[in-house]
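Q: dropping a prediction and its sequence here:
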Amino acid sequence: MPRISEDFRQAMNWTHTWLGVVLGIVLFAVFWMGTLTVFAPEIDRWMIPETRIAYDGREISYDRLLTQLPPDAATSDYVNFVVPTERHPAIGIFYRDSEGAFQNLLLDPRTGAPISVTDSHAGSGFIYPFHLSLTIEWQDLGYWIVGLAALAMLLLLVSGIFVHRKIIAEFFVFRPQRKPRRATLDLHNLSSLVGLPFYALMPFSGLLIFASLYLPWGMAEPFGGDMDKAEAAISGAYDPGPRTGRPAPIASLDAMKRKAEAMWSEVEGAPVKTNLVRILNNGDDSAAVYFRNTFPKDRVVLSKYVAVLDGQTGKVIQNFAKPPIGEAAAWVEGAHFVQFGHWPLRWLYFLGGLGGCVMIATGNLFWLRSREGKLAHASLGYRTVEALTIGGVTGIIAATGAFFVANRLIPTDAFPVTGERADAEVQVFWLVWLIAFVHAAILRERAWAQQAWAIAALAVAAVASNALSTGDHIGMTLAGAEWAVAGMDLLLLITAGIAAWAGIRLAPSQTPARLFEPMPAE
Amino acid sequence: MSMLLLLVAVLAALFGCALLALSQPRHWQAVTHTRSEPGRTPQRLGVLLLTASIVLTILRDGASFAALFSPVLIGSAALVTAMVLTWCPRVLRPITKMITPTN
């Protein structure tokens, strides 16, 4: 094996250090929200209590649902039904209203009646989009920032391997009793190495998922530069063309659904179910019905099948199955979306995500610890990184806690600064996060302990406010096996315990003595 | 059967990582409180158990899931091993006795 030169190692060290310092906090935010997204449907049920419905697996009649829709949805030219599952027990509907805006509704699977729900973006509407784009929609800027951070993550992983001198000898080493700088580096190395394949897969698959955004020209090239044709060939997208203006009733959705599922099941040799029923050009004689099997529960690979049937005759217009090379990409994407029904793996993803947060936070912390007691400690650059690290780590966790508490406490007729009640919860998140940065900039290292206590208090407040506002206290949800709500409450209580322990350990009386001990050469 | 395979795969990953850690003199000596060398046995057994863990996850879930499950399972087992070595290394002493019965 060729020996790694010292110059090369130093170049890698420089790359690792500055990419981490510049993009570490973005990476932490993306990893933190990605970790929560693993349980986004469960967070939805916690934040929108009206959807805490016991799923009984009953067959839904979409023909009947269509007759029960509110007028605005029933007359829409574009209606989507999201088939309920154990993790999404309510029937989801999204449609385009008469003014062209997209609207969401939830229906009770037992009656088909619309559910009057708490107006909240919850996990799927805020935490998940934050993970993808930091919710910065302008010119897709957020997606580009996250994409850049993902690319940086891959570079950080590779450069980190070269920076680490004793990668095998110190694989299992963690020495919390040593100097803080050494202990921080041990934890950074340990959390990096144990999750290395996971940390590599996540940014790689994330970049692949948004390849059409980041590299549209390459994808469209084989299709003469036409992105719509590329989408159709890759994912079975279908365009019914313009409406003819001739009204016509739609044929039986249930019969068409059975037909699509029978076609797929015959090819697969096992039952394949529809996840999405979409009516295109609804109410027109050019109507088509699109069925998709997006997230199979029993495999990692994403949807292979799309079927489009004529809305009048029920004849198959398009029967799409991904080619094998598409399935390879769909495995990588499925590995990122974690929508499969493998609960042990889902929990390991959650723990892997938390491990990634530890890795990123300790990386930034090590940069700070390396400069403690030196001239740089008072510099603007150091103070900026310090404030960004504290606000970016404990600050975003506290802001998430505030988001949960706001969800339970904001009254339905609240007047947020902009938008609706759901936006008010998001505004609380941003406000608390901003305050955390300012607090960190003013109090410096003393802010760690105070923000840890804020996290503990907010987590306990979230559990208490859920119990008080819904009556679903943790004893009841555990006894009733309502695992989504009970699990959320338990994780909040565990978070509170860990944060309180951290608050005690980081108390100011202990902090100065530990922080300024210089580290001997090792 | 599925739960049993999962349990055995988890145990194999945990013991496999523990044995790999014990194949390093610093951990072996910290656990045994001796200055003896671990020899090749812990490393060979560790690799064997990790391989068994991977095979069991393939048998249980198929290669597609196992390609995701095994790395995160073994990574988690490595983290548990590191924490045990940090705070309670004597927990691993029975393993050292099993592979060196004359000690």
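A: In hand now; what should we look at? Residues are numbered from 1 along each chain as shown, chains lettered A, B, ... in the order given.
Q: please count neighbours and contacts with C-alpha atoms only from this point.
A: Noted.
Q: for the nearest residue to A:Gly245 once chain neighbours are set aside, give me its contacts.
A: Excluding the flanking residues, the one nearest A:Gly245 by C-alpha to C-alpha, 6 or more residues apart in numbering or on different chains is A:Asp284, at 6.3 Å. A:Asp284 sits next to A:Arg243, A:Thr244, A:Gly245, A:Arg246, A:Pro247, A:Ala248, A:Pro249 when contact means C-alpha atoms under 8 Å, 6 or more residues apart in numbering or on different chains.
Q: which among these end up buried?
A: A:Arg243 (16 or more other C-alpha atoms under 10 Å in any protein chain shown).
Q: who touches A:Gln451 in this structure?
A: Contacts of A:Gln451 (C-alpha under 8 Å, 6+ apart): A:Thr394, A:Gly395, A:Ala398, A:Ala436, A:Gly503.
Q: ramachandran angles for A:Asp284?
A: phi -110, psi 160 (degrees, to the nearest 10).
Q: give me the distance between it and chain B.
A: 43 Å (C-alpha to the nearest C-alpha, to the nearest Å).
Q: any idea how far that residue is from B:Leu59?
A: 51 Å (C-alpha to C-alpha, to the nearest Å).
Q: could you list every residue that touches residue 9?
A: Since no chain was named, I'll use chain A. A:Phe162, A:Val163 are the contacts of A:Arg9 under C-alpha under 8 Å, 6+ apart.
Q: hmm, no, I was thinking of chain B.
A: If you count contacts by C-alpha under 8 Å, 6+ apart, then B:Ala9 has B:Ala52, B:Ser53, B:Ile54, B:Leu56, B:Thr57 around it.
Q: past the helix or strand harbouring it, which element shows up next along the chain?
A: In this assignment (DSSP states H and E), B:Ala9 forms part of helix B:2-22. Using DSSP H and E, the helix or strand that follows helix B:2-22 in sequence is helix B:25-32.
Q: only C-alpha atoms, please: export that following helix in PDB.
A: Presented in PDB, the C-alpha positions along helix B:25-32 are these (Å, rounded to 0.1, in the frame of the first residue of the first chain):
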ATOM      1  CA  PRO B  25      -3.900  -5.600  22.700                       C
ATOM      2  CA  ARG B  26      -5.000  -2.300  24.400                       C
ATOM      3  CA  HIS B  27      -8.600  -3.500  24.800                       C
ATOM      4  CA  TRP B  28      -7.600  -7.100  25.700                       C
ATOM      5  CA  GLN B  29      -5.200  -5.900  28.400                       C
ATOM      6  CA  ALA B  30      -7.800  -3.400  29.700                       C
ATOM      7  CA  VAL B  31     -10.400  -6.200  30.100                       C
ATOM      8  CA  THR B  32      -8.100  -9.000  31.400                       C
END
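Q: helices or strands next to it in the packing?
A: Counting contacts by 3 or more C-alpha pairs under 8 Å, 6 or more residues apart in numbering or on different chains; DSSP states H and E, helix B:25-32 packs against helix B:2-22, helix B:93-99.
Q: try 10 Å
A: helix B:2-22, helix B:63-87, helix B:93-99 (3 or more C-alpha pairs under 10 Å, 6 or more residues apart in numbering or on different chains; DSSP states H and E).
Q: and the angle for that helix with helix B:2-22?
A: Using axes from the mean of the first three to the mean of the last three C-alpha atoms, to 10 degrees, the direction of helix B:25-32 lies 110 degrees away from that of helix B:2-22.
Q: distance from helix B:25-32 to the middle of the chain?
A: 15 Å (C-alpha atoms, centre = their mean, to the nearest Å).
Q: can you pull the buried residues of that helix?
A: B:Pro25, B:Arg26, B:His27, B:Trp28, B:Ala30, B:Val31, B:Thr32.
Q: kindly report the same for stretch B:89-102.
A: B:Pro89, B:Leu92, B:Ile95, B:Thr96.
Q: for the helix or strand encompassing A:Glu386, buried residues please.
A: In the assignment (DSSP H and E), A:Glu386 maps to helix A:380-390. Under the neighbour-count criterion of 16+ other C-alpha under 10 Å, helix A:380-390 has A:Tyr382, A:Arg383, A:Val385, A:Glu386, A:Ala387, A:Leu388, A:Thr389, A:Ile390 buried.
Q: pick out whichever of those sits closest to A:Pro49.
A: A:Ile390 (32.8 Å; C-alpha to C-alpha).
Q: look up phi and psi at residue 90.
A: Because you didn't say which chain, this covers chain A. Dihedral angles (degrees, to the nearest 10) for A:Ala90: phi -90, psi 150.
Q: that one is in contact with A:Pro49, isn't it?
A: No - the pair A:Ala90 and A:Pro49 fails to qualify as a contact (C-alpha atoms under 10 Å) at a distance of 11.5 Å.
Q: those two: which has the busier surroundings?
A: A side-by-side neighbour count of A:Ala90 and A:Pro49, using other C-alpha atoms under 10 Å in any protein chain shown, places A:Ala90 first with 27 against 17.
Q: quick one: contacts for the more buried one?
A: With contact set as C-alpha atoms under 10 Å, 6 or more residues apart in numbering or on different chains, A:Ala90 has these partners: A:45, A:50-55, A:82-84, A:105-110, A:112, A:114-115.
Q: what about it, distance to A:Asp44?
A: A:Ala90 is 11 Å from A:Asp44, by C-alpha to C-alpha.
Q: what sits in contact with each of the two?
A: With C-alpha under 10 Å, 6+ apart, A:Ala90 and A:Asp44 have common neighbours A:Thr51, A:Arg52.
Q: circling back to that earlier point, quick one: the helix holding B:Ala9 to helix B:63-87, angle?
A: Using the same axes, to 10 degrees: helix B:2-22 against helix B:63-87 is 50 degrees.
Q: okay, buried residues for helix B:2-22 please.
A: B:5-6, B:9-22.
Q: any idea of the mean pLDDT in that helix?
A: Averaged across helix B:2-22, the pLDDT comes to 96.
Q: which residues does A:Tyr95 bridge with?
A: On the basis of DSSP bridges, A:Tyr95 is bridged to A:Val79, A:Gln103.
Q: so who does it touch?
A: A:72-81, A:101-105, A:278-279.
Q: just the buried ones from the residues you listed, in ChimeraX syntax?
A: To isolate the buried ones among these in ChimeraX, judged by 16+ other C-alpha under 10 Å, type:
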select /A:73,74,75,76,77,78,79,80,81,105,278,279
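Q: quick check: A:Ile396 touching A:Ala452?
A: No - if you go by C-alpha under 10 Å, A:Ile396 and A:Ala452 don't touch, sitting 11.1 Å apart.
Q: can you list contacts of stretch A:204-216?
A: A:132, A:140, A:143-144, A:146-148, A:150-151, A:153-154, A:198, A:201-203, A:217-220, A:225-227, A:230-231, A:329-337.
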